[in-house]
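Participant: Got a predicted structure here, sequence first:
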Amino acid sequence: MEVTLPQRLEFSPVHPHINFLQVIRASYMMDLRIRFRYKANLIGDFIRSGMYIIVFSLFSAAYQFKTGVSSENATLLFFISGFLFIIFDGVALWAPLNTVNRDLYNGTLEYLFGNPFNRVGYFVGVVLASATTSSIMLVPIISFLLISGLISPVATFFVLADLILMATVLVAFGTMFALTALMWKQVGSLAGVLGMLFQFLSGFFFPIDVLPLPVKVIAFLLPYTWAIDIARYYAFAGAWNTILPVSYMWGILAAFGVVYWILATRMMKSVEKKSKVEGLHLL
């Protein structure tokens, strides 16, 4: 009886190197499919933005601000220009937190850290998907501002540029917050605290000038503060008194993004080191 020995097997690496942008695209499309699977949530967000316009219109009869436009229109612009950015607080907080909790629940977090691709890119894609769906709420609000004549097309262009820059900053912050959730797991209360800071100290409900100095210092550490102030400068056609010259504020907002990206990269290295030393089960 003749026995045939198997040929020598050639082993290749587990997986070839995956490009950072490929990781972002894959996680972005995955999370986007999940979000569009639940159409009721998207429809609800769209309706909710219209309801906020109605609520802010009612507020305009109760508050007055000294600007170059009529008092009611000034109040309406004040609240709407702030709300444009508060829409994205889920991008910075709840989207990354929910992603970590989902992966922990499904048992896919160990798989994420056991494969040779960039983990930062994974979370960037998820947060980008959240930013995309959150942008749906902008459509009725921007349309209302343009149709009503409250804001000019040129001002709308700069406000949208401000929103894009702020979304970039929040993608970095959201990635950083996802890594925080990986380290501490239960950070829901922390997300709630940060959400309150974003809303109450960023100038959304009232101008920064009315805040006491110690609280104002905290407000200056929030990217929302600078983004909202930039938007109001253009929404009020330059009649809004900004914290600093508007060109400086653009630079400060961009600097937030650079700092957050650096922190996110370093935090990922810390998380990976912790997982190698203490075990993936601790994640």
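Facilitator: Happy to help now that I have it.
Participant: Skipping adjacent residues, who's closest to residue 180 in space?
Facilitator: residue 187 (6.0 Å; CB to CB, 6 or more residues apart in numbering). All C-beta spots, glycine's among them, are computed from the backbone N, C-alpha and C.
Participant: Tell me, how many residues neighbour the one you found?
Facilitator: 21 (other CB atoms under 10 Å).
Participant: That one: what's it in contact with?
Facilitator: 97, 177, 180-181 (CB atoms under 8 Å, 6 or more residues apart in numbering).
Participant: got it, and residue 199?
Facilitator: 86, 89, 205.
Participant: so where's the stretch 101-250 of the chain shaky on pLDDT?
Facilitator: The model of the stretch 101-250 of the chain has pLDDT under 70 over residues 110, 113-115, 185-186.
Participant: Which parts of it are helices?
Facilitator: With DSSP state H, counting those that start in this stretch as the criterion, the stretch 101-250 of the chain has helices at 109-113, 119-134, 138-148, 153-184, 188-200, 213-220, 223-235, 246-278.
Participant: Run the chain-centre distance for the third one.
Facilitator: Put plainly, it is helix 138-148. 21 Å (CA atoms, centre = their mean, to the nearest Å).
Participant: and that helix, what does it pack onto?
Facilitator: Where contact means 3 or more CB pairs under 8 Å, 6 or more residues apart in numbering; DSSP states H and E, helix 138-148 is packed against helix 39-59, helix 71-86, helix 153-184.
Participant: what about the longest one, distance to the chain center?
Facilitator: In terms of CA atoms, centre = their mean, the centre of helix 153-184 is found 4 Å from the chain centre.
Participant: tilt between it and helix 119-134?
Facilitator: 130 degrees (axes from the mean of the first three to the mean of the last three CA atoms, to 10 degrees).
Participant: With the first one instead?
Facilitator: Interaxial angle of helix 39-59 relative to helix 119-134 (the same axes, to 10 degrees): 60 degrees.
Participant: buried sites along helix 39-59?
Facilitator: 45, 49, 52-53, 56 (16 or more other CB atoms under 10 Å).
Participant: now, which of those residues sits nearest residue 23?
Facilitator: Nearest to residue 23 among these, counting by CB to CB, is residue 45 at 27.1 Å.
Participant: nearest spatial neighbour of that closest one, skipping sequence neighbours?
Facilitator: residue 137 (5.2 Å).
Participant: And for the spatially closest residue to residue 224 that is not a sequence neighbour, the neighbour number?
Facilitator: Among residues not flanking residue 224 along the chain, residue 202 sits closest, at 3.6 Å (CB to CB, 6+ apart). Counted with other CB under 10 Å, residues neighbouring residue 202 total 22.
Participant: How about the backbone phi and psi for residue 202?
Facilitator: When quoted as degrees, to the nearest 10, the phi and psi of residue 202 stand at phi -90, psi 0.
Participant: Thought residue 230 was touching it, still the case?
Facilitator: No. Taking CB atoms under 8 Å as the definition, residue 202 is not a contact partner of residue 230, at 12.0 Å.
Participant: can you put the helices and strands packed on helix 138-148 in CSV and add distance to residue 104?
Facilitator: As requested, those are exported to CSV (distance: least, CB to CB, whole Å):
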stretch, distance to residue 104
helix 39-59, 22
helix 71-86, 28
helix 153-184, 9
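Participant: May I see the buried residues of stretch 193-211?
Facilitator: Buried, per 16+ other CB under 10 Å, within stretch 193-211: 194-195, 197-199, 201-204, 208, 211.
Participant: Which of the residues you listed sits closest to residue 269?
Facilitator: When those are compared against residue 269 (criterion: CB to CB), the nearest one is residue 194, at 23.2 Å.
Participant: Tell me the spacing between the closest one and residue 176.
Facilitator: Using CB to CB, to the nearest Å, residue 194 is found at 11 Å from residue 176.
Participant: go on, residue 247?
Facilitator: 27 Å.
Participant: And the two? Which one has more around it.
Facilitator: residue 176 (25 against 8).
Participant: The residue nearest to that one when sequence neighbours are not counted: neighbour count?
Facilitator: For residue 176, ignoring the flanking residues on the chain, the nearest one in space by CB to CB, 6+ apart is residue 264 at 4.3 Å. Neighbourhood size, residue 264 [other CB under 10 Å]: 22.
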